[in-house]
Structures are given as C-alpha cells and as structure tokens.
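A.B. asks: below is the structure, and that's it, no one-letter string:
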C-alpha cells in the first residue's frame, strides 16, 4: 500500500492574498492603532508614527534571516538580554590522603576489562608462555621440527612442486 507523503510541510498556507494568517495578524495589529491615531493626532505626527509602525510590522511579518522569521529572532534576542546569566565557579578544597593516591591505578598501566572468553582467546593466540595444565612448554628446536612436520611438499598434476599444510584429523 502506498501513501502520499506531504512535501512542503514547513510552508504555511496562504489565507489572505499572498499572506499567511500569522503575517496578516501581525500587519493588522499595527494597522488598527495607526487607524485610531489618525483621528487623534496631527497629520504630520500621525504620518511619522504610521511609517514607523507600518514599516516595523511589515518587516516583522515578511523578513526572514537565514530561514528564521524576524519575529523569532527578536524574541530570542529579547530572551537573551532579559534573562539572567550566571557564571559561577566555586573551588572545592578537598584534602587528599597520600594513601588514597597509591590506590588509584595508573592510567598507562591500567588494562581495559575484557570478557573472560575473549581474554582466553587472546591468551591462546598471542602468548609465548604455555597455559598451566593445558599446554606443554616448547623449545626452539622442537618448534622448528614441528614446523617441518606441519608442511609437506607435493606435486600438482601439472608437475609443479608446492608446499601445503598437513592436517591430521586424529
């Protein structure tokens, strides 16, 4: 079953002409006081106030800076300047016993914790010392002899001589 996925979910629908509802309400909230002040104030004073209110409301409603509306940026700036910021640092004097310092493991010598099976696998594959009650200690000559026994030379059907590892399934 296929579903349609909405594509432009960050774009608000245009309700009043080319304006969204939010933009229209911001501009209307500036026009209403300017309209009331037209009947109260002198024309020249009213014109200055109307230009300031109208320009600022249009800027707040329509201007976007780096994808953010100007209203959102102004609210963030207001919160930044209005809310207090505290930078507090208190030094805590703790007396440390020298005995406690000896119990702290050195970072360079501390080994990471591994699961027991992984640790056993690493011991089996990388150690040069035999594991007690499991392996016999080997000497250099016996290891050379055993390496010769592990490989044998054989002839291929083409006549070439090659070395192969001998596997005894006993």
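C.D. replies: All right, it came through fine. Remember, predicted model here, so these are calculated numbers, not experimental data.
A.B. asks: lowest-pLDDT helix or strand in the protein?
C.D. replies: helix 140-150 (a mean of 53; mean pLDDT, DSSP states H and E).
A.B. asks: neighbouring strands of whichever helix or strand comes after that helix in the sheet, and parallel or not?
C.D. replies: The helix or strand immediately downstream of helix 140-150 is strand 151-155, counting by DSSP states H and E. According to DSSP bridges, strand 151-155 forms sheet pairs with strand 161-165 (antiparallel).
A.B. asks: buried residues in the partner strand, which are they?
C.D. replies: Going by neighbour count (16 or more other C-beta atoms under 10 Å), nothing in strand 161-165 comes out as buried. C-beta: built from backbone N, CA, C; applies to glycine.
A.B. asks: from the chain's centre, how far out does it sit?
C.D. replies: Between the centre of strand 161-165 and the centre of its chain there are 53 Å (C-alpha atoms, centre = their mean, to the nearest Å).
A.B. asks: from here on, count from 265
C.D. replies: From this message on, residue numbering opens at 265, which makes the last subject strand 425-429.
A.B. asks: quick one: average confidence on that strand?
C.D. replies: For strand 425-429, the mean per-residue pLDDT is 74.
A.B. asks: in this protein, which spans are helices?
C.D. replies: Taking DSSP state H, the helices of the chain run over residues 285-304, 307-326, 334-346, 362-367, 380-390, 404-414.
A.B. asks: make a markdown table from those and add mean neighbour count and distance to residue 266 to it.
C.D. replies: Formatted as a markdown table, these follow (neighbours: other C-beta atoms under 10 Å; distance: least, C-beta to C-beta, whole Å):
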| stretch | mean neighbour count | distance to residue 266 |
| --- | --- | --- |
| helix 285-304 | 14 | 32 |
| helix 307-326 | 14 | 38 |
| helix 334-346 | 11 | 36 |
| helix 362-367 | 7 | 65 |
| helix 380-390 | 10 | 47 |
| helix 404-414 | 10 | 62 |
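A.B. asks: make CSV out of the ones you listed and add distance to residue 267.
C.D. replies: CSV is the format used below for the helices of the chain (distance: least, C-beta to C-beta, whole Å):
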stretch, distance to residue 267
helix 285-304, 28
helix 307-326, 34
helix 334-346, 32
helix 362-367, 62
helix 380-390, 46
helix 404-414, 63
